[in-house]
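>>> A predicted structure for the sequence below; I have some questions about it.
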Amino acid sequence: MVRKMRGWQLGLVFLFLVSIFLRFYQFSSRLMFLGDQGRDVLVAYKILHGDLAFIGPMTSVGNFYLGPFYYYFITPWLFLFHYSPLGPGIAIAVASLVSLALFYYFVYLVTSSHLIAFGASFLYATNPIIVEYSRFSWNPNLLPLVSLFFIYLVYHFWQKEKEGYTIFQAFWLGLTYGIILQLHYLAGLIIFLPLILKWKFWLNLRKSYLSWLSLIGSVIFIQLPFILFEVKHNFREVYNLINSFGPRSSTHLLTFNPFLIIKNAIRLLLLFHFKFLFLFPLFLVLVLFLKRPISKIILLYLGMVLFSLSLYQGPLYDHYFAFAFWLPYFIFALSWFLVKEKRMFSFLFLFLVLAGGVYNLFLTYERVFKYPPNRQFKTVQQVSQLIQKESHNQPFNLALLSDNNYADGYKFFLFKSGAPLKTIHQQLTDQLFVVCEKPSSQCQPLNNPLWDIAAFGWAKIAKKYPLNWVTVYKLVHRPKE
């Protein structure tokens, strides 16, 4: 006889069915595949063919580079999907679902309530920002999962005092922190969280020196490729990072502005279209009265997030908040837990979950699904096939005219297919293919100041190929008069 499912089990099934739909519906036709994604899969493709990577992508907050962890993370997914960029994109969607499962379990662990875990998880799973960033491959998109796992480890680190278990926890703390550091430097200050919470333990050297070694050793282990790169290049990136500190740097990375803490707190809530903006200070007060270790951990983490973001004086993009994507909903869950015995307040939280979830779904439709798919991934693939065909297997150069993209997406498909693509520095060929991602009226491939075009020299348009929203021009040298 089939056992009847309990209410919380039905709720969990519903939660994941909705989450899977939001993350995989029209996945291929809506997959973002720009220069960053092309660069990543190109590096992963080379790793699979023996060309190891020791340094990661350049950061968006300064003239220095991250570690290569993300490249190695997507490499097996690229292999499993037969070198298709769909693989790394699906890896991020799966990681988002894993983060949702961890979030549900973690909330249930600290509240012992499936209802609260379901309510907070439903808001987290349907948030339009989180849904959008879980549908394409990019190194910051792993931060919600890894940062949540870091806090989960910190929570257990607080709970367990035995030395052997602490050494094990310290190892995983260091390993997870090393990964976070390779995904985004602005999250780097969170390593102080376990040190602050357990400062007495860390100061007791006789008890904790093995844990110190375990923590530091695991950070070094996960950073080993980057460290080897730095040793070979005289610590170039370390010096670039140090030079980015201070008011005279181009990034103003450590120019602290206390007013930005409040501004970033509001931005964190508005970023998620948080329906409870005016209630959120009340939620924080409720968490303050929750006399449990998790409340101290979460509030300290919130303070570190806001402090870290306030150090950076440049424009803050959505993905800079990735290591706090889950944070407002965890605070919501803890405040609900404090008043769950009061029926009136519990009904109020249930109403907020229902109203917030419906609103999230509406905003997700507006942000992600409202307009027809642009088939960007497929278009890049088709353009690359067209270029290879029209090159007639003769060497060619490539240039891209775009306002917010670069050519690595096209280069990946051309490189994978063995096309005779040459950079201007390698060889000035007899044909240049210019891909224009602008409206055709704004495409000016002739006499364009872009280096890849200007260096080709005096040219004329031999052929023009309109393809979806892209126009491809084949340029050849014009004979000198």
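Structure's in. What do you need? Residues are numbered from 1 along each chain as shown.

>>> those strands in the chain, which residues are they?
For the chain, applying DSSP state E gives strands covering 397-401, 431-436, 459-467, 470-477.

>>> Could you look over those strands and pick the most buried one?
Using mean count of other Cβ atoms under 10 Å, the stretch among the strands of the chain with the largest mean neighbour count is strand 431-436, at a mean of 24. Quick note: C-beta positions are derived from backbone N, CA and C, even for glycine.

>>> In this structure residue 458 contacts residue 478, no?
Yes. If you go by Cβ atoms under 8 Å, residue 458 and residue 478 touch, sitting 4.9 Å apart.

>>> What separation do you get for residue 349 and residue 339?
8 Å (Cβ to Cβ, to the nearest Å).

>>> Next: residue 410.
Per Cβ to Cβ, residue 410 is found 55 Å from residue 339.

>>> what residues are up against the closest residue to residue 414 other than its chain neighbours?
Closest residue in space to residue 414, ignoring its immediate chain neighbours: residue 421 at 4.8 Å, by Cβ to Cβ, 6 or more residues apart in numbering. By Cβ atoms under 8 Å, 6 or more residues apart in numbering, the contact set of residue 421 is 395, 396, 397, 398, 411, 414, 415.

>>> quick one: which of the residues you listed is nearest to residue 78?
residue 415 (13.0 Å; Cβ to Cβ).

>>> helices or strands next to the longest helix anywhere in the chain in the packing?
With secondary structure taken from DSSP state H, the chain has its longest helix at helix 86-111. Contacts defined by 3 or more Cβ pairs under 8 Å, 6 or more residues apart in numbering; DSSP states H and E place helix 86-111 against helix 7-24, helix 27-30, helix 35-48, helix 69-80, helix 114-126, helix 143-159, helix 327-338.

>>> mind giving me a markdown table with those helices and columns for mean pLDDT, distance to residue 297 and mean neighbour count?
Shown next, in a markdown table, are these (pLDDT from 0 to 100; distance: least, Cβ to Cβ, whole Å; neighbours: other Cβ atoms under 10 Å):
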| stretch | mean pLDDT | distance to residue 297 | mean neighbour count |
| --- | --- | --- | --- |
| helix 7-24 | 94 | 25 | 15 |
| helix 27-30 | 95 | 35 | 16 |
| helix 35-48 | 95 | 33 | 21 |
| helix 69-80 | 97 | 25 | 21 |
| helix 114-126 | 95 | 16 | 24 |
| helix 143-159 | 90 | 6 | 21 |
| helix 327-338 | 91 | 10 | 24 |
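
>>> Any idea which of the ones you listed gets closest to residue 443?
Using Cβ to Cβ, the helices and strands packed on helix 86-111 put helix 35-48 closest to residue 443, at 18.3 Å.

>>> sorry, back to before: same list (the helices and strands packed on helix 86-111) but as a markdown table, adding distance to residue 378.
Converted to a markdown table, those look like this (distance: least, Cβ to Cβ, whole Å):
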| stretch | distance to residue 378 |
| --- | --- |
| helix 7-24 | 17 |
| helix 27-30 | 7 |
| helix 35-48 | 14 |
| helix 69-80 | 18 |
| helix 114-126 | 27 |
| helix 143-159 | 28 |
| helix 327-338 | 35 |
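
>>> So which of those is nearest residue 178?
helix 69-80 (7.8 Å).

>>> other SSEs contacting the closest one?
helix 35-48, helix 86-111, helix 163-183.

>>> again, only using 6 Å
helix 35-48, helix 86-111 (3 or more Cβ pairs under 6 Å, 6 or more residues apart in numbering; DSSP states H and E).

>>> The first one to helix 86-111, inter-axis angle?
Using axes from the mean of the first three to the mean of the last three Cα atoms, to 10 degrees, the interaxial angle of helix 35-48 with respect to helix 86-111 works out to 100 degrees.

>>> Thought residue 194 was touching residue 154, still the case?
Yes. The pair residue 154 and residue 194 passes the contact test of Cβ atoms under 6 Å, sitting 5.1 Å apart.

>>> ok so, going back, so which of the helices and strands packed on helix 69-80 comes closest to residue 182?
Ranking the helices and strands packed on helix 69-80 by their distance to residue 182 (criterion: Cβ to Cβ) puts helix 35-48 first, at 13.1 Å.

>>> Report the angle between that closest one and strand 397-401.
Going by the same axes, to 10 degrees, helix 35-48 makes 150 degrees with strand 397-401.

>>> ok, and what's touching helix 35-48?
For helix 35-48, contacts defined as Cβ atoms under 6 Å, 6 or more residues apart in numbering pick out 53, 71, 74-75, 78-79, 85, 137, 405-406, 408-409, 412.

>>> Take the residues you listed and write them to CSV, including distance to residue 208.
Shown next, in CSV, are the contacts of helix 35-48 (distance: Cβ to Cβ, whole Å):
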residue, distance to residue 208
53, 35
71, 34
74, 36
75, 36
78, 41
79, 41
85, 45
137, 39
405, 49
406, 47
408, 45
409, 48
412, 47
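
>>> which pair in the residues you listed spans the largest distance?
79 and 405 (26.0 Å).

>>> for the stretch 51-200 of the chain, which spans come out with low pLDDT?
60-63, 160-165, 199-200 (pLDDT under 70).

>>> so which of the strands of the chain comes closest to residue 93?
strand 470-477 (25.8 Å).

>>> elements contacting that closest one?
Going by 3+ Cβ pairs under 6 Å, 6+ apart, strand 470-477 lies up against strand 431-436, strand 459-467.

>>> ok, residues contacting it?
Contacts of strand 470-477 (Cβ under 6 Å, 6+ apart): 379, 383, 431-437, 440, 443, 445, 459, 461-465.

>>> likewise stretch 114-128?
Against stretch 114-128 from outside (Cβ under 6 Å, 6+ apart): 8, 11, 15, 19, 100, 103-104, 107-108, 272, 326, 329, 332-333, 336-337, 353, 356-357, 360-361, 363-364, 367.

>>> mind redoing it with 7 Å?
Applying Cβ atoms under 7 Å, 6 or more residues apart in numbering, the contact partners of stretch 114-128 are 8, 11, 15, 18-19, 22, 100, 103-104, 107-108, 111, 130, 272-273, 326, 329-330, 332-333, 336-337, 340, 349-350, 353, 356-357, 360-361, 363-364, 367-368.

>>> Now render the contacts of residue 421 as JSON lines, adding pLDDT and distance to residue 471.
Formatted as JSON lines, those follow (pLDDT from 0 to 100; distance: Cβ to Cβ, whole Å):
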{"residue": "395", "pLDDT": "95", "distance to residue 471": "23"}
{"residue": "396", "pLDDT": "95", "distance to residue 471": "17"}
{"residue": "397", "pLDDT": "95", "distance to residue 471": "17"}
{"residue": "398", "pLDDT": "96", "distance to residue 471": "14"}
{"residue": "411", "pLDDT": "95", "distance to residue 471": "18"}
{"residue": "414", "pLDDT": "96", "distance to residue 471": "18"}
{"residue": "415", "pLDDT": "94", "distance to residue 471": "23"}
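
>>> Drop anything exposed from the residues you listed.
396, 397, 398, 411, 414, 415 (16 or more other Cβ atoms under 10 Å).

>>> Okay, the last one and residue 21: tell me how far apart.
Using Cβ to Cβ, residue 415 is found at 34 Å from residue 21.
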